[in-house]
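Q: Here you go, sequence then predicted model.
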Amino acid sequence: MGLESMKGMLAKAGKEQYGVGAFNTVDYASTKAAVTAAEELAAPIIIQTSVKTVQLWGHATVVTWMKDIAANSPVPVALHLDHCKDPDFIRQCIDAGWTSVMIDASAKPFEENLAITRQVFEMADAAGVGLEAELGEIGGVEDDKSVADEDAYLADPDKAEMFCKDLPLAVFAPAIGTAHGVYKGEPKIAFDRLEEIAKRTGLPIALHGGTGLSDDVFKRCIALGCAKVNISTQLKYTFIDSFVNYHQDHQAYEPVKVLTAQMEAIRKTVVDYIRLFGSEGKGK
Ligand SMILES: [Zn+2]
C-alpha cells in the first residue's frame, strides 16, 4: 500500500474506539517483524523512530527500509517521528518521506509551545503529513529528556482546549500520569482528565509510556479516547533479551539464527499488543 499518514488511521480508530499500536523500532529486522505482526492480524500500524535512531542510520536509509516493507504490505503503515524538539530535524524527516511527525515543545511555556506547534503544523500539513503535539510533561526518560516524577505535571483541560482550538492535529498527547521507561510503582492515571480532554479537544489522544500498564488500564484509556498507543520500552527489552537468551541457550555464533529468534520475539510481542488494543481486522 505504501506509507500513509496516521491522520486518517487515527480518526477512524478514535471513532470506533480501538487503539493503533505505535511501535518504536530500531533497524530493518525489528521493523519488518512488527509489520509482519500487523499483517497477520490485518491491523493498521504506526512504526515510530526516535531521533537517535534516525541519527544512527540517516534519514534516507530508514525511509528505504520503510518503503520496501510498506510497499509489499496489505495493511496501512505510517512512518512516524517520535518526540522531536527541533523543527529543522522534523523538516528533514518530512522531506525524506516520513508520513507522520511529533513536535515536542512541551518543556516550553504554553504560548511558546503553541507557537512552535502551529509553525510545524503548517509545514507538516502542506506535505500531507499528520502531526502529534504534547502538552504538560510526561514523566520518565525519553532520549535525553529526564523529568523527575514529582516534576511531571498533568495537562490542564482548559489549556488543552485552548491549545487544540483551530489546530487540526492528527493526534494530541496530553500528560495524564503515564511515564516513559519502567514504572517504579502503580502508575496513577488521571482517567477523568483524559476523558475531559478527549471530549473538549475532539481529537484522538496518544498514550505515551505504555510499557508496564495493565491490560485493564490500556482498555480503559482506549475507551476514553486513546487512539494511538505507544510501545517503546518493552520492545527495547524484547530486542536485547531475545538476542542474548538465544545465544546463551544455543551457544550459537550464527547471526542469521540469532536475528531470526529476535524477529520472532518482536513479532509475538507486537501481536499481543495489537490484540489487546482491539485493532485486529481494522487494517483491511
Ligand atoms: Zn513518549
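A: Great, that's in hand.
Q: Give me the contact list for the one helix or strand residue 172 maps to.
A: In this structure, residue 172 is located in strand 171-174 according to DSSP states H and E. Under the criterion C-beta atoms under 8 Å, 6 or more residues apart in numbering, residues 6, 10, 102, 130, 132-136, 138, 154-155, 160, 163-164, 193-194, 197, 201, 203-206, 208, 227-228 lie in contact with strand 171-174. Bear in mind the C-beta positions are built from the backbone N, C-alpha and C, glycine included.
Q: From residue 88, how far off is residue 171?
A: Counting by C-beta to C-beta, to the nearest Å, the gap from residue 171 to residue 88 is 22 Å.
Q: Can you list the helices and strands that the next helix or strand after the strand holding residue 172 packs against?
A: Tracing the chain past strand 171-174, the next element assigned as helix or strand by DSSP H and E is helix 191-201. Helices and strands touching helix 191-201, as assessed by 3 or more C-beta pairs under 8 Å, 6 or more residues apart in numbering; DSSP states H and E, comprise helix 157-164, strand 171-174, strand 205-207, helix 215-223.
Q: run the last query once more with 6 Å
A: Counting by 3 or more C-beta pairs under 6 Å, 6 or more residues apart in numbering; DSSP states H and E, the packing neighbours recorded for helix 191-201 are helix 157-164.
Q: For the helix it packs on, which helices and strands make contact with it?
A: Using 3+ C-beta pairs under 6 Å, 6+ apart, the elements in contact with helix 157-164 are helix 191-201.
Q: ok, and what's touching the helix it packs on?
A: Among residues not part of helix 191-201, those counted as contacts by C-beta atoms under 6 Å, 6 or more residues apart in numbering are 157, 160-161, 164, 172, 174, 176, 205, 224-225.
Q: and that helix, which residues are buried?
A: Along helix 191-201, the positions that meet the burial threshold by neighbour count (16 or more other C-beta atoms under 10 Å) are 193-198, 201.
Q: likewise stretch 17-25?
A: Of the residues in stretch 17-25, those with enough neighbours to count as buried (16+ other C-beta under 10 Å) are 18-25.
Q: Now do the residue lying farthest from the centre of the chain, the pLDDT please.
A: Among the C-alpha atoms of the chain, the one most distant from their mean position (C-alpha atoms, centre = their mean) is that of residue 251, at 34.9 Å. The confidence metric pLDDT takes the value 90 at residue 251.
Q: And for residue 154?
A: The confidence metric pLDDT takes the value 88 at residue 154.
Q: what's the burial count for it?
A: Using other C-beta atoms under 10 Å as the criterion, residue 154 is surrounded by 20 other residues.
Q: What separation is there between it and residue 188?
A: With distances taken as C-beta to C-beta, residue 154 is found 10 Å from residue 188.
Q: now residue 122
A: With distances defined as C-beta to C-beta, the gap from residue 122 to residue 188 amounts to 36 Å.
Q: do the same with residue 270
A: According to C-beta to C-beta, residue 270 and residue 188 sit 27 Å apart.
Q: helix/strand/coil for residue 132?
A: In the three-state summary, residue 132 is assigned as strand, counting by DSSP: H, G, I helix; E, B strand; the rest coil.
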